[in-house]
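Student: Let's see this in three dimensions:
(one chain, ligands or ions: 1)
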Amino acid sequence: MDLQATKIKLNVSKLVVGVTSIVSLFEFFVLPESNSIDITLIFHHIQLFFTLALALKPYFLPKSYEARVSAGICVLLVLIDLPLDLYQQVLNKRVVDSMTFTSSVTNNTDNDESHTDTKIELNFANFRWELLLFAAFLDLTSHYGISHNVRTYLWRNVESDSAGRLQVEIYTKLQHQSVRWHLEEGTGGRLTKLQSASSDFTYFLRKMLLKVIPEWLYLFVSIAHLAIRYPWRITCIVLLTTGFLVIAKFLLSLWKSSFEKINKKDSKAKMKKSVDALLNYETVKYFCKERYEVDRFKEAFQESILIKFNSKFASTTSWFLENVVRTVGQTAAKMWCYWMVLGDSGLTLGDYVMLEAFFWSTYEPFESMSWMYEWGQKVIINAADVADLLELTPEICDDPNAPNLEVAEGEVRFENVSFSYVPEREVLSEISFRVEAGKTMALVGPTGSGKSTVMKLIFRLYNSSSGRILIDNQDVTKVTQASLRGAIGVVPQDCVLFDDTITNNIKYGKSTDEMSQITQDDVQHAAKCACIHDAILEFPDKYDSKVGERGLKLSGGEKQRIAIARTVLKNPPILILDEATSALDTKTERKIQSVIKNICKNRTSLIVAHRLSTITHADEIIVLKAGRIVESGSHEALLEKGGEYASMWLEQLEKKDHETVTS
Ligand SMILES: Nc1ncnc2c1ncn2[C@@H]1O[C@H](COP(=O)(O)OP(=O)(O)OP(=O)(O)O)[C@@H](O)[C@H]1O
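Tutor: Numbering: from 1, shown residues only. Predicted structure coming up:
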């Protein structure tokens, strides 16, 4: 692809030099300084288009047999339509000629001089009905007739094959990107943008293949026919007009787009903020910012309307100017033709009618030219994002031939693990610990000390910068992600649920293969273990209640318990609980703690907790501070030591005493 891209680059560079000088002249005379045209950018876009087309080739070329046959028939129909369209014009000419009779009449003037006049009379004696009917038949079958319908029908096979494949590939790529990538890119809006970009790209290619290219081919074939069949002067006029039109259309399109460029970005950004404000409706309400947001929307909307109408005005002006060029050229050609028909050039009225129709048909390719320019720009910019994504290798990927993780005991070991989210700041430094199989280990420490990060590394959401993480002596980076994550159950700090029923959210804990085998009893059993069953029965639709976007229809505690139920259902050998009960009241927390103790029994468990009273039962407690282990041991041992843990414990006891006294 690189070699082809370089070739394209070279050819485009040559073109740039030529066209830049013409455009500079146009810019100098016509455009205000602020609207100057970046011609190198336009050629960069053309180059990008071909590079992108090469990169996306595997996706837009049909793969299935049905799609390939359909694409082949479509192209064949387009090629057959070309000569048929031209032949239709010839037939029309012959029909007109069959009903006219041209004669020369010699007149004597007063000065005894004589001159010859051409007289055209109607004569239906030789009228060719059969040609008229054949022309009508071609009209109904070729190009815009049945052929058009057949092409549109068949093309859906091609598009569902290629665009469908591309969209699934985009979605797959997004799903496999790392957590870091999702955090940085903001996936939701991007998915919509990328999917519409891919369908725009396939739509553009379809239009090019089935409409724009055939129209231009038709124009060239018609001009060739004109040059062979008619006097060279007419061909010259048509070529000159065509040339003028191409240049005028190109320059006017640039002029038009320079209007659109102004403030478009700014206005788009403002409109985006308005949408953002609508999505964050809760924050808007908390800060009483409705009026402020409405004003911002009003400003953005008015700006976008102005831009729209400025560009509409530019469109109509450019359309008018194109019309002037075309009308002048065509009228000159028609006049010439008219004199020739009246003279003794051998041209007939049928020729005049045919040329007139031909002039009209030359209009379409020029229309598609401006469409091509406008759409091309849009498509290229968006398709570049698609191509970038498709080439992106996920930060976390399995080694080729990586084996599955085999969990026999479930021992977890950290060996000198260091980690940074960004190079400038190390979040974990030289962490080493061992959680024996079936034991419970708790991680405590001040906020931001790196507790959740330890959990994320076990789950391999990130790779550690140095050191090793081992499960039953197998390095987590050397085994498949699916087997690793299948062996670990996690209740995260922020439990986000899907906008689906409670049942489906709990079922999500099981692997894809097992999901269909889960019964409602299994779901209810898990919910009972997580102490949420009774609360669910209070909801109007019980287990079929929808939890709303990101589970917003549920309280924090309810969400956490559904997440626990999900993990209970998964029944993994290793369990990670990251502040799993932080959103619960003391009574429910106490209840669920006994459940958690039960769940943790006989499986390796890692618990992150702020409330130390919830982890006193842990076999080992590790105290993290600024990414380093400062203490470790059992609850009693750490209290006896009188260090960091003991002071945290005392602090929490005092707080609790104070709360009891004040309440
Ligand atoms: N995606 C991220 N990119 C950059 N820095 C991050 C990211 N996630 C966390 N951090 C930083 O890493 C540090 C450790 O975060 P971590 O979430 O592990 O802390 P924690 O001990 O679990 O805190 P808390 O008890 O408040 O949940 C924090 O300073 C945090 O700002």
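
Student: Now do the helices in the stretch 201-350 of the chain.
Tutor: For the stretch 201-350 of the chain, helices defined by DSSP state H, counting those that start in this stretch occupy the ranges 213-229, 232-261, 264-279, 281-286, 290-342, 349-361.

Student: The ones you listed: which one's closest to Leu133?
Tutor: Judged by CB to CB, the one of these that comes nearest to Leu133 is helix 349-361, at 17.0 Å. C-beta here means a position set from N, CA and C on the backbone, and glycine is covered the same way.

Student: list the buried ones in that closest one?
Tutor: 349-355, 358-359 (16 or more other CB atoms under 10 Å).

Student: ok so Leu484 is a strand residue?
Tutor: No - with DSSP: H, G, I helix; E, B strand; the rest coil as the criterion, Leu484 is assigned helix and is not in a strand.

Student: Next to the ligand in this structure, residues from the chain, please.
Tutor: With CB under 6 Å from any ligand atom as the criterion, the chain comes near the ligand at residues 183, 421-422, 427, 447-453, 493.

Student: quick check, nearest of those residues to Ala387?
Tutor: Leu183 (22.5 Å).

Student: So what touches the helix or strand containing that closest one?
Tutor: According to DSSP states H and E, Leu183 maps onto helix 179-185. Identification of contacts with helix 179-185 by CB atoms under 8 Å, 6 or more residues apart in numbering yields 177, 392, 394-395, 421, 456, 461-462.

Student: And for stretch 71-78?
Tutor: Stretch 71-78 is contacted from outside by 62, 147, 150-151, 154-155, 158, 209-210, 213-214, using CB under 8 Å, 6+ apart.

Student: Weed out the non-buried ones from those.
Tutor: Those of the contacts of stretch 71-78 that meet the buried threshold are 62, 147, 151, 154-155, 158, 209-210, 214, by 16+ other CB under 10 Å.

Student: Break the chain down into its domains, please.
Tutor: If you go by the TED database, the domain ranges for the chain are 58-99+128-227+382-393, 412-494+573-662.

Student: export the ones you listed to JSON lines and tack on distance to Asp521 and mean pLDDT?
Tutor: Listed next are the domains of the chain as JSON lines, based on distance: least, CB to CB, whole Å; pLDDT from 0 to 100:
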{"stretch": "domain 58-99+128-227+382-393", "distance to Asp521": "31", "mean pLDDT": "80"}
{"stretch": "domain 412-494+573-662", "distance to Asp521": "18", "mean pLDDT": "84"}
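
Student: Which residue ranges of this protein form strands?
Tutor: 100-108, 114-122, 412-419, 428-435, 440-444, 466-471, 474-475, 488-491, 574-578, 604-608, 620-625, 628-633 (DSSP state E).

Student: Let me have those strands in CSV, adding mean neighbour count and distance to Trp375 as columns.
Tutor: Listed next are the strands of the chain as CSV, based on neighbours: other CB atoms under 10 Å; distance: least, CB to CB, whole Å:
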stretch, mean neighbour count, distance to Trp375
strand 100-108, 11, 44
strand 114-122, 10, 46
strand 412-419, 18, 46
strand 428-435, 18, 50
strand 440-444, 24, 55
strand 466-471, 18, 50
strand 474-475, 14, 50
strand 488-491, 24, 46
strand 574-578, 24, 48
strand 604-608, 25, 52
strand 620-625, 21, 55
strand 628-633, 17, 57
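
Student: Among those, which comes closest to Ala136?
Tutor: Per CB to CB, nearest to Ala136 of the strands of the chain: strand 100-108, 19.7 Å.

Student: on that earlier part again, identify, from the buried ones among the contacts of stretch 71-78, the entry nearest to the ligand.
Tutor: If you rank the buried ones among the contacts of stretch 71-78 by distance to the ligand using CB to the nearest ligand atom, Pro62 comes first, at 41.4 Å.

Student: pretty sure that closest one contacts Asp161?
Tutor: Yes - assessed by CB atoms under 8 Å, Pro62 is found in contact with Asp161 at 4.9 Å.
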